[in-house]
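A.B. asks: model the following, please.
(4 chains)
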Number of protein chains: 2
Amino acid sequence: MVKKSPRQVCFPEESRQADLRPVEGPQADKELAALTKAVGHPARVQILRLLSRRTACVCGDIVSELPLAQSTVSQHLKVLKDSGLITGEIDGPRVCYCLDPRALRRLKSLVGSL
Amino acid sequence: MVKKSPRQVCFPEESRQADLRPVEGPQADKELAALTKAVGHPARVQILRLLSRRTACVCGDIVSELPLAQSTVSQHLKVLKDSGLITGEIDGPRVCYCLDPRALRRLKSLVGSL
DNA sequence: GCAAGTTATCGTAGAACGCCGATAAAGCGT
DNA sequence: ACGCTTTATCGGCGTTCTACGATAACTTGC
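C.D. replies: This next block holds a predicted model:
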C-alpha cells in the first residue's frame, strides 16, 4: 500500500498580491489588537517559531516539543487558528498546522504601522 | 514667571545604533510574547496610535480620547510602560507619555522574524 | 499652608485565561 | 467491526485581566 506522502506546504503557491486593507483606522486597530493578543503568550510564540522553522507543516508533534499537556497545546493551537495566523488541515488521523503567510504579512504590516 | 515650554519629544536625538540583541532564541521569544501581550488590547493599541500620531508627547488627555475611566487608562498606560513600549516623564503636575522608538523597533524586529 | 488639578494606587467584582485530566470524536489499519 | 492513534472538547480550578469608583499622592498657584 502506498504510504501517504507527508504534506509539505499548506500554501505552496501563495498569492503574492498586495494587501489592500488599510493599515490604520478603527478596524485595523481591532485587528492589530486581536493578532498581537494571539501572539502574546510564550507557548504560542514557540508554536509559531516551530511552524516557521520547518518549511513543511508540522503536525501534532508540536505537543512533544512543548512542556505542556496535549489539551493545553490544542487550546493554544485553537487560539492561533481563530486569529487566522495558522491553519489546520485534516490529514488522515492527524491535523497539519501551518503558518498562514498572508495573516503573518498582515500582522507585520500592522505592527510596522506603529 | 517663565511658562514651562511644552515638551516636544521625549527622544529628540534618539540613538540610531543597531540593535545587537538576537531576534530568536528563548530570550527573544519571551520578549516577543511580552511585547505583543502588551499591545494585545484595543485600548492599548489606540493609545499607541495616539502617541505615534503626534510627534510631540501627549499627556493625560489620552484619557479624554478614550471611552474609559481615568483609572482604567492609567492602568493601561502602566502595562505599556512596564513593557517598555512607552515612557512616562513627569512634567509638572502632569505626566508626559511617549513611544520609546527603540522598544518599538525591537518589537518590529521580533515580529519580522516570524 | 491650602485649594485645585492631575495621575497613581487600592479595593473589588465579573470576565477571561491557562492549565490539567478525563472524555469524546474521527480516521486508519487489520 | 474493533482497536489504535490522534486531536478536540468538557469540567473544574486557580490566576490574571479589565473595568470602575474611591482615595491617596504630588505639583502648581494663590
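A.B. asks: buried sites along stretch A:69-81?
C.D. replies: Within stretch A:69-81, the residues that count as buried by 16 or more other CB atoms under 10 Å in any protein chain shown are A:Val73, A:His76, A:Leu77, A:Val79, A:Leu80, A:Lys81. For every residue, glycine as well, the C-beta is placed using N, CA and C.
A.B. asks: stretch A:96-105 now?
C.D. replies: Within stretch A:96-105, the residues that count as buried by 16+ other CB under 10 Å are A:Cys96, A:Tyr97, A:Cys98, A:Leu99, A:Asp100, A:Arg102, A:Ala103, A:Leu104.
A.B. asks: how far away from the center of its chain is that stretch?
C.D. replies: 4 Å (CA atoms, centre = their mean, to the nearest Å).
A.B. asks: re the thing from before, ok, the buried residues of stretch A:69-81 vs B:Gly40, which is closest?
C.D. replies: B:Gly40 has its nearest neighbour among those in A:Val79, at 11.3 Å by CB to CB.
A.B. asks: just the buried residues of stretch A:96-105 that are near chain B?
C.D. replies: A:Leu99, A:Leu104 (CB under 8 Å from any CB of the partner chain).
A.B. asks: residues of chain A that sit close to DNA strand D?
C.D. replies: Counting by CB under 7 Å from any atom of the strand, the residues of chain A lying close to DNA strand D are A:59-61, A:63, A:70-71, A:74-75, A:77-78, A:88, A:93-95.
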